[in-house]
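*Asks:* Generate a structure from the sequence data that follows.
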Amino acid sequence: MANELRQLVDTANAPIFGIDVLGNVNEWNFKTAEITGFSKEEAFDKPLVSTFIVPSLRQSVQEVLDNALKGRGTSNYELEFRTKSNEIRYLLVNATTRRDAENNIVGVVGVAQDVTEAAKHDRAVAVMANELRQLVDTANAPIFGIDVHGNVNEWNNKTAKITGFSGEEAFGNPLVETFIVPKLRESVN
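*Replies:* This next block holds a predicted model:
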C-alpha cells in the first residue's frame, strides 16, 4: 500500500510538494519537478519559502504554512514559484497538515494546480483595460456614457473640461435631465 501511495503522489498530474516542521522540502513529485525545473534531489531539504517563493509573497506563504503546521489548512491559495530558469509559475494550492501515525503534526503537504497561463491572461487583460482607461481619459474628444437607466457611467477629462463638471460630479446623475439644456432634452431622449 505504501508503494502504491508513493507511486500515486510521484506520478500525479498535479504538483504535490511538502515540508517538514522546520519548513524544509520533504515531498516533491515529478509534476512539481517538471513545472519548477528543480529535481527532487535539488529541492529536498531546502527551505521551501526562501528558496522557491518570490520575495513579495514569502511572508504570506509562510503564514499559510505556519497555520497548516498548527492544524489549520488553507484552500485555493495562489502563490508564485520561482523556477530554475528564473521564470514565475502561478500555482493554486491547498495546504494541508501532515500527521504521523500518532496524529502528531509532522509537516505540510501542498497539492496544487498550475494556473500560470490563466494568471498571465488575467494580468494581460488588466494591462489592456488600464491602457484603454488611459486612452479614454486622455482622448482629445469628449467621451461620456450612460448605463441602462440613463445615468452617467463614463466621463473623460475632455468632457469635464468642456462642461465644467468633474467625473465625480457627473457619475450617477441622469445625463439628459442634468446636463442637456431643456429645449434639447426630448430630442436626446
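*Asks:* what residues are up against Ala33?
*Replies:* Ala33 makes contact with 39-40, 43, according to C-beta atoms under 8 Å, 6 or more residues apart in numbering. Every residue, glycine included, has its C-beta placed from N, CA and C.
*Asks:* If you rank the residues you listed by neighbours, which is first?
*Replies:* Ranked by neighbour count (other C-beta atoms under 10 Å), those have Ala43 at the top, with 21 neighbours.
*Asks:* what about the helices in the chain?
*Replies:* 2-11, 30-36, 40-43, 48-52, 58-69, 116-138, 157-163, 167-170, 175-179, 182-188 (DSSP state H).
*Asks:* State which strand of this protein is the longest.
*Replies:* Assignment by DSSP state E gives strand 88-99 as the longest strand of the chain.
*Asks:* Give the rounded mean pLDDT of that one.
*Replies:* Averaged across strand 88-99, the pLDDT comes to 91.
*Asks:* circling back: reformat the contacts of Ala33 as CSV; add distance to Glu87 and pLDDT.
*Replies:* Formatted as CSV, the contacts of Ala33 follow (distance: C-beta to C-beta, whole Å; pLDDT from 0 to 100):
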residue, distance to Glu87, pLDDT
Ser39, 17, 95
Lys40, 19, 94
Ala43, 16, 96
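*Asks:* With respect to Asn157, which of those is nearest?
*Replies:* The shortest approach to Asn157 among the contacts of Ala33 belongs to Ala43, at 51.8 Å (C-beta to C-beta).
*Asks:* Where does the prediction get shaky in this structure?
*Replies:* Along the chain, the parts satisfying pLDDT under 70 run over 1-2, 6, 8, 119.
*Asks:* change it to 90
*Replies:* Scanning the chain with the threshold set as pLDDT under 90 gives 1-14, 54, 57, 74-82, 88-91, 93, 113-140, 145, 179-189.
*Asks:* spatially speaking, which residue is in the middle of it?
*Replies:* Glu78 (5.9 Å; C-alpha atoms, centre = their mean).
*Asks:* Would you mind confirming that that residue is in contact with Tyr90?
*Replies:* Yes: using C-beta atoms under 8 Å, Glu78 makes contact with Tyr90 at a distance of 6.2 Å.
*Asks:* that older thread, return the distance of the residue nearest to the centre of the chain relative to Arg89.
*Replies:* Using C-beta to C-beta, to the nearest Å, Glu78 is found at 11 Å from Arg89.
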